[in-house]
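> have a look at this prediction, sequence included:
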Amino acid sequence: MSTVEIKVPDIGDFKNVAVIEILVQPGDTVRAEQSLVTVESDKASMEIPSSAAGVVKELKVKLGDKISEGSVILLLETAQTSAGAGLASSSPAVSGQASQAAPVAAPTTSAAPVQPLGQPRLVEVRVPDIGDFKNVAVIEILVKSGDTVKAEQSLVTVESDKASMEIPSSAAGVVKDLKVKLGDKVNQGDLLAVVESASATPQVPAAAPASAGQGDGTSQTPTPQPSQILQTSQTPPASAAAQAMPPHQPGAAPVGLPYASPSVRKFARELGVPLAEVKGSAAKGRITQADVQAFTRAVMAGQQQTQAQSGAGGGAALGLLPWPQVDFAKFGPVTPQPLPRIKKISGANLHRNWVLIPHVTNNDEADITDLEALRMQLNQENGKAGIKVTMLAFVIKAAVAALKKFPEFNASLDGDSLILKRYYHIGFAADTPNGLMVPVLKDADQKGVLQIAQETADLAKKAREGKLAVADMQGGCFSISSLGGIGGTHFTPIINAPEVAILGLSRSYLKPVWDGQAFAPRLTLPLSLSYDHRVIDGAAAARFNAYLAALLADLRRIVL
């Protein structure tokens, strides 16, 4: 036996790449070219293979380590030296007996690897050394009770605030009992599952003939023929190949887990990309971050649809009946018309937001009689300057004041955390010939009504002309959708994720209001506030809308 250092080979121009997956553990038997670790740079991810076959004695890297060409990954104990010595010394001594002994020994040599040793036993699979990570959450369970698993097959995926990783099984067999559930926090040494292993002791192929030959050089245990030794060293036995199969192969997970690294799966979850629909371009069909980005660009450009978007798979993807496929032409004349690109993009986002966010809408009204009079006066005073003040400018100014008073409306959900924002970027819906767009007015809290009116007009013009930049539609905290110029009384606007609320404005109208002595006509603006019920409760939404209505009724309250 000899110990070999397995080092990082030539990986091109990549230096100080991060180790994002460790695919083997001490004690594992690996084959030459079997993947040991996965590394990832800012441009690509790749697997580092073993340059020799043997048993892993010691890992020299851990998750998160930075490695370069020549870095030692692990120490491997190989059997090549002893096997070669046994072949050189024993072949002349037994050459005359081999023809007689081989027929008797051959069945024993070939049968040894496939015979299980001992009775089935229960093996406790525990969380291995995962570095400095503690209390990591279980975000995916990849097997269930009764599943047959291979050694090193992933059982669960855990995630900390910095990384996600898969926890493999330390034994092959049948899962008898899962000891964790989604959301559980686990640490090194915690029990994950109980596996019924088919063998009580691990088997080491070709070890028995070698030790027997050392103990006695006579004909008690014939020395294998050179062809037998070559086959043993190059091709693992059938049972060993089944148990030592490289982990993370496509289709290995019984639940159809996509063949991708944890970092790529996390990246896909953040984008809302169904990873099972992404085609991997790397070796063995592995999905890379570039594949996820390419898939996203294709969907955004309307060149591809996800199953959730397509009529055939949408219902099935949600566990519902599939979308009905109807030949409308048999009922009368039809004219097929493709959806505009913007509607394809916005439609997918709206569908996701409506399905994933628990929407509730609070309806209220604001008396804007005095505010409308002020607006008309300002337009008369600033008409020559080319500034037209709209009601939207006043509503944005009032909305910022309301967001400051109710900070949970100026927030976003990030897992179990609520991110409270200290900036006030207000998105507003702009109706364009190509569809609805939402430009974002940045730092609205630092601008007056006249400046807000001018900048919203400029952004709306750019939207209609198709000149909005990506930066003009990013960073929003709260959105306003106004149908005041069209009509309607109230409606339910869909929240623009990752925001937690959106305000809808309908057409203002005159109604009689009792002032204590008589009915007087008052101009009334309907307010429709949709909110994410995971973050905001009904009482808070009612207070927000009431406060907003009070500000619009008397804008002087903003300075209080």
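Now that the structure is in, tell me what you want to look at.
> Val264 contacts Thr288, correct?
Yes - between Val264 and Thr288 there is a contact under Cβ atoms under 8 Å: 6.4 Å. In short, each C-beta sits where N, CA and C put it, glycine included.
> who has more neighbours out of those two?
A direct count of neighbours by other Cβ atoms under 10 Å for Val264 and Thr288 places Val264 higher, at 28 against 21.
> for that one, pull up the helix or strand it's in.
In this assignment (DSSP states H and E), Val264 forms part of helix 262-271.
> then Ile396?
helix 391-405.
> what average pLDDT does the helix holding Val264 get?
Here helix 262-271 scores 76 as its mean pLDDT.
> before we move on, the earlier item: how about the helix holding Ile396, which residues are buried there?
391-403 (16 or more other Cβ atoms under 10 Å).
> number of residues surrounding Gly516?
Counted with other Cβ under 10 Å, Gly516 comes out at 5.
> that one in helix, strand or coil?
coil (DSSP: H, G, I helix; E, B strand; the rest coil).
> against Lys284, how distant is it?
79 Å (Cβ to Cβ, to the nearest Å).
> spatially, which two of the buried residues of helix 391-405 are the most separated?
For the buried residues of helix 391-405, the farthest-apart pair by Cβ to Cβ is Met391 and Leu403; their separation is 18.3 Å.
> do a quick rundown of the helices in the stretch 251-400 of the chain.
262-271, 289-300, 311-317, 341-356, 369-381, 391-405 (DSSP state H, counting those that start in this stretch).
> deepest-packed of these, please.
Highest mean neighbour count among the helices of the stretch 251-400 of the chain (mean count of other Cβ atoms under 10 Å): helix 391-405, with a mean of 22.
> contacts for that helix, please.
With contact meaning Cβ atoms under 8 Å, 6 or more residues apart in numbering, helix 391-405 is reached by 368, 371-372, 375, 409-410, 424, 426, 428, 441, 444-445, 448-450, 452-453, 456, 477-478, 480, 482, 484, 503, 505, 508, 525, 544, 547-548, 551-552, 555, 557-558.
> show me these that map onto helices.
371-372, 375, 449-450, 452-453, 456, 544, 547-548, 551-552 (DSSP state H).
> from those, which is closest to Ile357?
Comparing every one of the ones in helices among the contacts of helix 391-405 with Ile357 (Cβ to Cβ), the shortest separation belongs to Phe544, at 17.1 Å.
> ok, now which ones touch the closest one?
Applying Cβ under 8 Å, 6+ apart, the residues contacting Phe544 are Asn362, Ala402, Phe406, Phe409, Ala501, Leu529.
> ok, of the residues you listed, which one's closest to Ala193?
Using Cβ to Cβ, the contacts of Phe544 come closest to Ala193 at Ala501, 42.3 Å.
> relative to Ala539, how far out is the closest residue to the closest one other than its chain neighbours?
Nearest non-adjacent residue to Ala501, counting by Cβ to Cβ, 6 or more residues apart in numbering: Tyr531, 4.4 Å away. To Ala539, Tyr531 is 11 Å away according to Cβ to Cβ.
> neighbour count: these two, which is higher?
Counted by other Cβ under 10 Å, Tyr531 and Ala539 do not tie: Tyr531 has more neighbours, with 27 against 9.
> beta partners for the more buried one?
Val360, Ala501 (DSSP bridges).
> isn't it right next to Phe406, touching?
No - applying Cβ under 8 Å, one finds Tyr531 not in contact with Phe406, separated by 10.4 Å.
> okay, now the unreliable bits of the chain?
13, 42-45, 80-119, 131-132, 161-164, 198-257, 262, 301-303, 305-320 (pLDDT under 70).
> so which residue is dead centre in it?
Arg269 (2.2 Å; Cα atoms, centre = their mean).
> just say helix, strand or coil for Val138.
Val138 is classified as strand under three-state DSSP.
> contact partners for it?
Val156, Thr157, Val158, Val180, Lys181, Leu182, Gly183, Asp184, Lys185, Val186.
> now do Phe409
Ala402, Leu403, Phe478, Val500, Ala501, Tyr531, Ile536, Ala540, Phe544.
> the fifth one: neighbour count?
Neighbourhood size, Ala501 [other Cβ under 10 Å]: 27.
> I'd like to know how far it sits from Tyr259.
39 Å.
> repeat that for the third one.
As for Phe478, its distance to Tyr259 is 40 Å (criterion: Cβ to Cβ).
> by how many degrees do the helix holding Ile396 and helix 369-381 diverge?
Interaxial angle of helix 391-405 relative to helix 369-381 (axes from the mean of the first three to the mean of the last three Cα atoms, to 10 degrees): 130 degrees.
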